[in-house]
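Colleague: okay, structure incoming, though there's no sequence with it:
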Ligand SMILES: *Cc1c(COP(=O)(O)O)cnc(C)c1O
């Protein structure tokens, strides 16, 4: 088992947890591979010109995404702030300084209602006004066409959970570009698969934002922004280290840049067939250990990347509480998992009475601990 005690966390009285809930920010993102930590340690010993470092790190992102340019950000959320700021203010110093007051600037960002997530606050942080189209069942092309006007700064496209009823990215790009409006994408949790690094750029997106601290396994506070050279230049004008920018509050340090670049280079070199097989085996273990318990329906969910939503990019296990279930409620089971020793975090969804075991952050052997603890609680 890899959950060792940590002197530091112990001294602070913080209890490490087993994370069967995925790359969730509140559970610590991901675990950086040792070469990433080493790159950060090495970078910490020197001074560098941050413009030079940002430029060279951006060149790596450009090369690996196929975009014209790239920028290391302070997470995908910060990337969304910079996407909006770049499209609203460009790199005009007086406009950069004026944000989030957008008086005199185009400030509307068109977004599918089906794409609204809590993170879209980050577009508004830059001063954008969100203009919704469609509903959760369907969106018509005429709705997008009608929503674009002389105040439109960008069309946003978000790959979040259950993106039902949205137009395809390709179609959105065609409609927006015909009206000279850029398309900005939040694909925070869409890595892996690594193909997605270049996919949305290839489909015509003008800027794409990813998390560096989820499946890429870089520092949790980093992200990747890739896109058109002029827009990345504008994003940088609106970003740290520029002190007069809205993005100054989302500074990235040299150590984080070193960690992200190293993690990204490792990510594109990873054998994801093997990783997927490992995730599936861990999920299958949980299914095997629990499938005989009466009143539960335990299901192995196969990876379905074609659904283009974060949690379908890998296998997982789902434990459904059927009407025949007579034991503790789903929420009581979750509480017992959290309060046990070691504490275990799983995922729940608001719309179904089930527990999800998500294997992506489950370290070797921990799947046995989780299955054993679940069996203990459920029998
Ligand atoms: C995680 C997530 C974000 C935020 O990404 P960070 O890198 O944590 O800032 C934004 N959008 C979606 C859909 C996400 O899943």
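Modeller: Yes, it's here. On a predicted model such as this, the values are computed, not experimentally measured, just so you know.
Colleague: C-alpha from now on. contacts and neighbour counts both.
Modeller: Noted.
Colleague: so whichever residue of the stretch 101-250 of the chain sits closest to the ligand bridges to which residues?
Modeller: When scored by CA to the nearest ligand atom, the stretch 101-250 of the chain has residue 211 as its residue closest to the ligand, at 3.7 Å. On the basis of DSSP bridges, residue 211 is bridged to residue 223.
Colleague: residue 82 and the ligand: what is the separation?
Modeller: Distance, residue 82 to the ligand, using CA to the nearest ligand atom, to the nearest Å: 12 Å.
Colleague: and that residue, what does it touch?
Modeller: Taking CA atoms under 8 Å, 6 or more residues apart in numbering, we find residue 82 in contact with 126, 235, 236, 238, 239, 247.
Colleague: avg pLDDT for the strand or helix carrying the second one?
Modeller: Translated: residue 235. Per DSSP states H and E, residue 235 falls inside helix 229-237. Averaging pLDDT along helix 229-237 gives 98.
Colleague: tell me what that helix is packed against?
Modeller: When contacts are defined as 3 or more CA pairs under 8 Å, 6 or more residues apart in numbering; DSSP states H and E, helix 229-237 packs onto strand 69-73, helix 76-89.
Colleague: so which bits of that helix are buried?
Modeller: Buried residues in helix 229-237, defined by neighbour count with 16 or more other CA atoms under 10 Å: 229, 231, 232, 233, 234, 235, 236, 237.
Colleague: now do the contacts for the third one.
Modeller: Residues in contact with residue 232 (CA under 8 Å, 6+ apart) are 69, 70, 71, 86, 207, 225, 226.
Colleague: which non-adjacent residue is nearest the last one?
Modeller: Across the structure, with CA to CA, 6 or more residues apart in numbering as the measure, the residue nearest residue 226 apart from its sequence neighbours is residue 70 (4.2 Å).
Colleague: test my guess that that neighbour contacts residue 224.
Modeller: Yes: Residue 70 lies in contact with residue 224 (CA atoms under 8 Å); the separation is 7.3 Å.
Colleague: the two - which one has more neighbours?
Modeller: In terms of neighbours (other CA atoms under 10 Å), residue 70 is the more surrounded of residue 70 and residue 224; the figures are 33 against 30.
Colleague: would you mind listing what in this protein touches the ligand?
Modeller: Those residues of the chain that sit near the ligand, judged by CA under 6 Å from any ligand atom, are 25, 75, 76, 77, 119, 159, 160, 186, 188, 189, 211, 223.
Colleague: ok, the second one - how many residues close by?
Modeller: So the one you mean is residue 75. Residues lying near residue 75 (other CA under 10 Å) number 24.
Colleague: ok, now which ones touch it?
Modeller: 210, 211, 212, 213, 220, 221, 222, 223, 224.
Colleague: with the last one instead?
Modeller: Residues in contact with residue 223, defined by CA under 8 Å, 6+ apart, are 72-76, 78-79, 209-213, 260.
Colleague: show me where the protein has helices.
Modeller: In the chain, helices defined by DSSP state H lie at 7-12, 34-43, 50-65, 76-89, 93-98, 121-125, 141-147, 169-178, 196-202, 229-237, 254-268, 272-290, 330-339, 366-378, listed in chain order.
Colleague: single out the most deeply packed of these.
Modeller: Of all the helices of the chain, helix 76-89 carries the top mean neighbour count, a mean of 29, counting by mean count of other CA atoms under 10 Å.
Colleague: on that earlier part again, between the helices of the chain, which gets the lowest average pLDDT?
Modeller: What stands lowest among those, in mean pLDDT terms, is helix 7-12, with a mean of 92.
Colleague: centre of the chain versus that one, how much separation?
Modeller: Remark: helix 7-12 is offset 29 Å from the chain centroid, using CA atoms, centre = their mean, to the nearest Å.
Colleague: what does it rub up against?
Modeller: Here helix 7-12 makes contact (CA under 8 Å, 6+ apart) with 15, 16.
Colleague: number the chain from 533, please
Modeller: Yes, from this point I'll number from 533; that puts the last item at helix 539-544.
Colleague: what about the stretch 633-782 of the chain, any weak spots by pLDDT?
Modeller: Under the criterion pLDDT under 70, the flagged ranges of the stretch 633-782 of the chain are 695.
Colleague: go again using 50 as the cut-off
Modeller: Nowhere does the stretch 633-782 of the chain drop to pLDDT under 50.
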